[in-house]
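Engineer: Turn this into a structure:
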Amino acid sequence: MALPNIRPGKRAIVSGRTGSGKSTLACWLLNRSMQHWVILNPKWTAAYKQLPDSNVMTGFNEGRFNSSLEKNRYTIINFDGKTANAEYMDEVISFIHSRYENVGLCADELFTLHSGGRPGPGLTSWLTQGRELKQTFIGLTQRPAWISRFCFSEADYIIGMDLSLKEDRKRLHENSGCPYFVGRIEPRKWIYYDVNADTVEKFGAVPLLKTKES
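Structural biologist: Here you go, the predicted model:
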């Protein structure tokens, strides 16, 4: 069984309740990619700091961002209370989209990039126009019911971990057509649905990432 690898220009959504292992899985997927990545981290999730060759920024500054993206494989942006909103983060996405090719964007909580139930113009452009620029995307969400159908329609891969709420499982199933998302998924296990191939693979615990301290 081939292990998943999010190739340049592809889009993936990772769904799972709090504590299901989304961030651990995201780090594992990011580490398997050869691209440079920008991680939008409004919740200040600590897991991403364990990625090798990573740099953490508090807020966004164009000069520091350019330097970090050039020098580091992963640039983690921790947004504070004044900037952790959909409009501001979408402007950051627009900036990156307009200036960089062959780079990945990981959104730690996808619903924070929605306003009124819709993604902003920056994220929309990234998802619709970024494929030829090899602009890759991984979006994490604990509430698929709050994510627009548009984001699901642009996904090449949909990854499901355990979801406790029936409405979230229903939304994931409706937007993927994959019947394996209807029921609960065992803790720490995950289902990988390839949309274009219409294939499903089931996996156990995510392999632990070698950290900076390892």
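
Engineer: Can you give me the distance of residue 195 to residue 81?
Structural biologist: According to CB to CB, to the nearest Å, residue 195 and residue 81 sit 36 Å apart. For glycine as for every other residue, the C-beta is placed from the backbone atoms N, C-alpha and C.

Engineer: okay, how far is it across stretch 126-144, tip to tip?
Structural biologist: End-to-end distance for stretch 126-144, by CA to CA, to the nearest Å: 20 Å.

Engineer: Likewise for stretch 140-158?
Structural biologist: 10 Å.

Engineer: For the residue nearest to residue 183 when sequence neighbours are not counted, which residues are in contact?
Structural biologist: Distances taken as CB to CB, 6 or more residues apart in numbering place residue 169 nearest to residue 183, at 7.2 Å, with adjacent residues excluded. Residues near residue 169 by CB atoms under 8 Å, 6 or more residues apart in numbering: 144, 163, 181, 182, 183, 184.

Engineer: May I see the buried residues of whatever helix or strand residue 169 lives in?
Structural biologist: Using DSSP states H and E, residue 169 sits within helix 166-176. For helix 166-176, the neighbour count (16 or more other CB atoms under 10 Å) marks 168, 169, 171, 172, 173, 175, 176 as buried.

Engineer: which one of the residues you listed is nearest residue 25?
Structural biologist: residue 172 (15.3 Å; CB to CB).
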